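Engineer: need a 3D model of the sequence below.
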Amino acid sequence: MNMSHEKDTAVKVAWKYYNEGLTQTEIAKALNLSRMKVIKYLEFAKKNHIIQFKIDLEQISDMDLQIKLMEKFNLDDIYIVPSANDNSIDSITIAAAQYIEDRITSDTMINIGYGETVSRTLGRLNISTKYKVTFVSLSGGVKFYMPTAIDQASDYYTNPNYKHYILPSPLMVSSDSLAESLVNEQSITDILEMIPYSNLTVIGVGALNEKATLVKEGLISIREMEILKSHGAVGDLLSQFYDIQGEVLDLSLHNRLVSTEVQLLKSLNNVVAVACGIEKKEAIIGALKGGYIDILITDENVARSLIE
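Structural biologist: Now for the predicted structure:
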């Protein structure tokens, strides 16, 4: 069966199921298909973005809580998703992808941070092909911007209107001088100079525990993480550690990073932080108090804890 016919049939099946409200059995009869075929066409329609589900994020948010948090932390916007016992990262990245999709109304440039949450958000994006979208990485650490971290079947890789500018460098190198040399390399400078012109910046917030991306990637040991805590560190943005007031700590490891400086976030438009899980509470508070974030997408447990 050719792809065009399969797609046409999937569209008809999806239309009858979702718009006309027919049952699978009624659709099977109307289109002379088996019920199993109808189920397969509905799955095909979901997988190929013929049907897309959008939940009105406003409907699931506590408006009073939103307003309190926006005022307390001087935020432009906040989205709160229901907390789940597990897979909170799935809920949060779906909400973050939808937030981004809804705000792309023309050709757009998006800065993207390092880490698993941002990576998963990118994998869920499904932006109209009428817009050209440019993605610019905020740091080295190529893996998290590449197919090893992002589903290769996702729109992020298949949309012909997406362009990627990824810093061709590790995130952390062996010496200050090497990091400085890399940052001054033309191929890296050219990309770093694009960052201030973005429409949107999407970052994660790192907590200080064994689940932290920097620990999982072997860039920092658990022992080093404990030392950072003793210096007052509560979290990291762009792999730079700060205290509960959002003050970036003076740490030698920062000099070995190939990354945008965290202070630059304050001058960028529409900095969206995507972070969930109560273990990130202090990291999120520090990031908010530091004034690095314009829009927070988080879960209900975290949101309520921020008010306490």
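
Engineer: and the helices in the stretch 151-300 of the chain?
Structural biologist: Here the stretch 151-300 of the chain has its helices, by DSSP state H, counting those that start in this stretch, at 155-158, 176-183, 186-192, 213-216, 222-230, 281-289, 300-307.

Engineer: point out where the stretch 51-200 of the chain drops to low pLDDT.
Structural biologist: In the predicted model of the stretch 51-200 of the chain, residues 55-61, 85-87, 147-148 satisfy pLDDT under 70.

Engineer: do a quick rundown of the strands in it.
Structural biologist: 77-81, 108-112, 133-137, 162-165, 200-204 (DSSP state E, counting those that start in this stretch).

Engineer: tell me the strands beside the last one, with direction?
Structural biologist: Listed by DSSP bridges, the sheet partners of strand 200-204 and their directions read strand 108-112 (parallel), strand 271-274 (parallel).

Engineer: reformat the helices of the stretch 151-300 of the chain as TSV; add mean neighbour count.
Structural biologist: (C-beta placed from N, C-alpha, C; glycine too.) Below are the helices of the stretch 151-300 of the chain laid out as TSV (neighbours: other C-beta atoms under 10 Å):
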stretch	mean neighbour count
helix 155-158	18
helix 176-183	15
helix 186-192	14
helix 213-216	18
helix 222-230	12
helix 281-289	22
helix 300-307	18
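
Engineer: and of the ones you listed, who's closest to residue 264?
Structural biologist: Closest of the helices of the stretch 151-300 of the chain to residue 264 is helix 186-192, at 9.5 Å (criterion: C-beta to C-beta).

Engineer: what number of residues lie near the closest residue to residue 270 other than its chain neighbours?
Structural biologist: Spatial nearest neighbour of residue 270, excluding adjacent residues (C-beta to C-beta, 6 or more residues apart in numbering): residue 200 at 4.7 Å. Around residue 200 there are 21 other residues, counting by other C-beta atoms under 10 Å.

Engineer: so residue 200 bridges to which residues?
Structural biologist: residue 110.

Engineer: residues contacting it?
Structural biologist: 100, 103, 108-111, 269-270, 272 (C-beta atoms under 8 Å, 6 or more residues apart in numbering).

Engineer: who wins on neighbours among those?
Structural biologist: residue 111 leads these on contacts (other C-beta under 10 Å) with 28 neighbours.

Engineer: read off the pLDDT value for residue 308.
Structural biologist: Residue 308 is assigned a predicted lDDT (pLDDT) of 80.

Engineer: how near is it to residue 205?
Structural biologist: 18 Å (C-beta to C-beta, to the nearest Å).

Engineer: of these two, who's got more company?
Structural biologist: Neighbour comparison, residue 308 and residue 205: the larger count goes to residue 205, with 26 against 5 (by other C-beta under 10 Å).
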